[in-house]
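Peer 1: build the 3D model from these lines:
(2 chains)
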2 protein chains.
Amino acid sequence: MLTEGAEGRKAHEVNDMFALDPITKKAVNVTRRSTYPSNFLQQQHSNPELPASLGHVETRSYQFAFPPNELTLESGEKLGPITVAYETYGELNSDRSNAILILHALTGDAHAAGFHKGEDKPGWWDDMIGPGKAFDTRKYFVVCSNILGGCMGTTGPCSVNPKTGKRYGLDFPLITISDMVRVQKHLLDHLGIDRLLSVAGGSMGGMQALEWLASYPDRLKSAIIIATAAKHSAQQIALNEVGRQAIMADPYWKEGNYYAGHLPAKGLAVARMVGHITYMSETSMGEKFGRRLKDNGKEHKFSIDFEVQDYLHSRGNNFVKRFDANSYLYITKAIDSFDVSRGKPLQHAFKGIKAKALVLAFKSDWLYPASQSLEIVRACKLAGIETTYCEIDSTYGHDAFLLEIEEESHLVKHFLQNVSSDPEETSESEVVVYEI
Amino acid sequence: MLTEGAEGRKAHEVNDMFALDPITKKAVNVTRRSTYPSNFLQQQHSNPELPASLGHVETRSYQFAFPPNELTLESGEKLGPITVAYETYGELNSDRSNAILILHALTGDAHAAGFHKGEDKPGWWDDMIGPGKAFDTRKYFVVCSNILGGCMGTTGPCSVNPKTGKRYGLDFPLITISDMVRVQKHLLDHLGIDRLLSVAGGSMGGMQALEWLASYPDRLKSAIIIATAAKHSAQQIALNEVGRQAIMADPYWKEGNYYAGHLPAKGLAVARMVGHITYMSETSMGEKFGRRLKDNGKEHKFSIDFEVQDYLHSRGNNFVKRFDANSYLYITKAIDSFDVSRGKPLQHAFKGIKAKALVLAFKSDWLYPASQSLEIVRACKLAGIETTYCEIDSTYGHDAFLLEIEEESHLVKHFLQNVSSDPEETSESEVVVYEI
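Peer 2: The predicted structure follows:
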């Protein structure tokens, strides 16, 4: 299915994750701080009974695919060198069997857990990763890397094209979820991990987990696939298209060539607003804002009136400080074109796979409704994969995969224990479906 | 609840519906042709058994609220003169008891049925209005007018402000659903209709129907309230806010002062795309487009790939040819601020009302889910209004109120017969709930 490109034989560690960074002072302002909510951590340090934080962590970088051994992408185009920003938590055991790869969503990054020095906001899935948590770093070696096409340290459209000395912009090749996964595989090769205990991700992270399962089944014992789809529906494509159009309608976008000047901030903010509406549920929005008015000095008739408008504005405006508009285009395009089965019946993509699967969905998630998770479960079952499915009762909508920590932790812990303790794959296929 | 403004005593007919029209050649290009789908009509003329078309119809105009007798709006601001574009179908009977007011949605107009000379596309609800149809013009006198704040002949932000000789733009006062209804009441006064047999509308048209019921209960025998809400939820406000932000992010918007130059076409197109996603259901989008690709010469990497993208683009681009961006801002704001009960329990708004109500919702409508219609039904029942409710099984989403003609016609016909034959209000309240 995939054309294997030339390996990056000159691969080496790069300590400065921004090795390929700014060439102008007006560069995109990207930081690795997530805006995802994290409700559970801050008070946990004082109580030894409760899961603890990882403390300080660092993002590192790895470079590979140096010319003439560039990576051949799914499109056939070549790309290199490629820098991958990643973090690791916990220790790799002697037989290298305890590694788990965490896969981030559209706007996530390598900083999944712990704190960066000088910052008081933890990584985006800190509630799930750490000593005693779902991904227990006392037991497991956890790796998380920024995706190909991203803007948080891994090569993407805002990186400098070594051939021109300028930022790629739209010269960056179109990438796919499969390309992202192949870059992750190179990173794992570099880290000396032949076989993962598990891969885990929600939303676009779940798509990567599905792609891992379908493309490299021998390199993992299990996959945790959360709040995602095997391919986008017309409605899901349409919602992403609105975001892309909003960005491209911004006159500062300039066909992606904006790095030396103004950023297409208004367009990107609108794209983010659309996103946020789809991440929440009608109920969670209603509970959080209702029809409460915002008391503000009116600039004009169409300034903010309702609290929900203020929330969307601030989310949109914060986002443009940390995310690259071109990355948004490339990544949403990769999501829309993703189809793990390449047009064939889904169960064919999983045929003969011995890894186990945990599939999670959330009741109020209307962006990736449970019906799409159930399609994955059905295909896994038809393909003979041992699959556990749970639809968690939540009012948080799609955001639930970042917020429903208690139930999610319980299910993930149990699943990983089961996978860890299993000497080899079980012979019998069964689907365990239960509901919290 | 409402401050009655000075009546337009100098009111008179204006035959040219664009009496207040262009002052520059670069004017907004508005036409009265609807882009709503109309699937059922074209072949019906040949069969005398089937409902027939109204044939040619004309939009007329009425002007009132001439200074110093401007209309006092809900905000307290004054506005005048006001032009109302309207159409009528059928004949008003001798006791003036057969009039029905049709209320249009966000982007509709006065041209609800029949054909304008030289045009081959009928009015936006032609499937429902005409001889033998749901609103049977052999029995009823049907009136439809363009709303206040619109851009299809009725005074709105693209009209010329007589005080300045320039188009209003953001100098146009903020308007409410209640203001729209009061303008309609003035039109009915002009037409000599003291009491309506019914008011009927879907989406924002349903909000106007609710407002009629609450504000002028003595002037109507019944109300047909379709696919709407008594007030917007946070999510509904958020979706409109994205549209407004997209328009205002367009540099050509220029704080609403764009009439002499470029139009904020890209921003308005993005707003319309968001709208279209909410008008369809996941199912109807899936059935119509699936993941089919569009074969096109690629302009750049983010040009159209999927058919659904092409559809959204063409809908967005057609829309900017016929609709004014400032009207979009004013009308969505009126919708978001609408709360028929003004913060009180909903049943209080309907207390003592003798009119009957038909409330319709559609199963796959996620923009105005059936739960919001049921809130209306509950309040009507608590207030003692005789109410019929039906949730029609449909996969068309919110668009269903324009497409599920057969079931809708059946229910409306039956309801109107019941209201027409009833000499006066019944004493007993009952809720008839059934499902097709």
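
Peer 1: hmm, residue A:386 is touching residue A:356, no?
Peer 2: Yes - using C-beta atoms under 8 Å, residue A:386 makes contact with residue A:356 at a distance of 4.6 Å. In short, each C-beta sits where N, CA and C put it, glycine included.

Peer 1: in stretch A:95-102, what's buried?
Peer 2: A:97-102 (16 or more other C-beta atoms under 10 Å in any protein chain shown).

Peer 1: ok, the one helix or strand residue A:359 maps to: who's next to it in the sheet?
Peer 2: For residue A:359, the enclosing helix or strand under DSSP states H and E is strand A:356-362. In the sheet, strand A:356-362 lines up against strand A:222-226 (parallel), strand A:387-392 (parallel) (DSSP bridges).

Peer 1: helices or strands next to whichever strand or helix holds residue A:329 in the packing?
Peer 2: According to DSSP H and E, residue A:329 maps onto helix A:325-337. Using 3 or more C-beta pairs under 8 Å, 6 or more residues apart in numbering or on different chains; DSSP states H and E, the elements in contact with helix A:325-337 are helix A:177-191, helix A:204-215, helix A:234-249, helix A:265-279.

Peer 1: for the second one, give the mean pLDDT please.
Peer 2: Right, helix A:204-215. Averaging the model's pLDDT scores along helix A:204-215 yields 98.

Peer 1: now do the third one
Peer 2: Within the predicted structure, the mean pLDDT of helix A:234-249 is 97.

Peer 1: quick one: the particular helix or strand that has residue A:201 in it to helix A:204-215, angle?
Peer 2: Using DSSP H and E, residue A:201 sits within strand A:198-202. For strand A:198-202 against helix A:204-215, the angle by axes from the mean of the first three to the mean of the last three C-alpha atoms, to 10 degrees is 140 degrees.

Peer 1: who does strand A:198-202 pair up with?
Peer 2: Strands that pair with strand A:198-202, judged by DSSP bridges, come out as strand A:99-103 (parallel), strand A:222-226 (parallel).

Peer 1: secondary structure class for the residue of the stretch 301-436 of chain A found nearest chain B?
Peer 2: Each residue of the stretch 301-436 of chain A has a distance to chain B, by C-beta to the nearest C-beta, and the smallest belongs to residue A:308, at 4.3 Å. Under DSSP: H, G, I helix; E, B strand; the rest coil, the three-state class of residue A:308 is helix.

Peer 1: how far out from the middle of the chain is the strand holding residue A:359?
Peer 2: Put simply, strand A:356-362 sits 16 Å off its chain's centre (C-alpha atoms, centre = their mean, to the nearest Å).

Peer 1: CA atoms only for that strand, dumped as CSV, please.
Peer 2: Extracted as CSV, the C-alpha positions of strand A:356-362 are listed here (Å, rounded to 0.1, in the frame of the first residue of the first chain):
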residue,chain,number,x,y,z
LYS,A,356,-6.0,-5.8,20.1
ALA,A,357,-8.2,-2.7,19.9
LEU,A,358,-9.9,-0.5,22.4
VAL,A,359,-12.4,1.8,20.7
LEU,A,360,-14.0,4.7,22.7
ALA,A,361,-16.8,7.1,21.7
PHE,A,362,-18.7,9.7,23.6
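
Peer 1: please consider this matter closed, and thank you.
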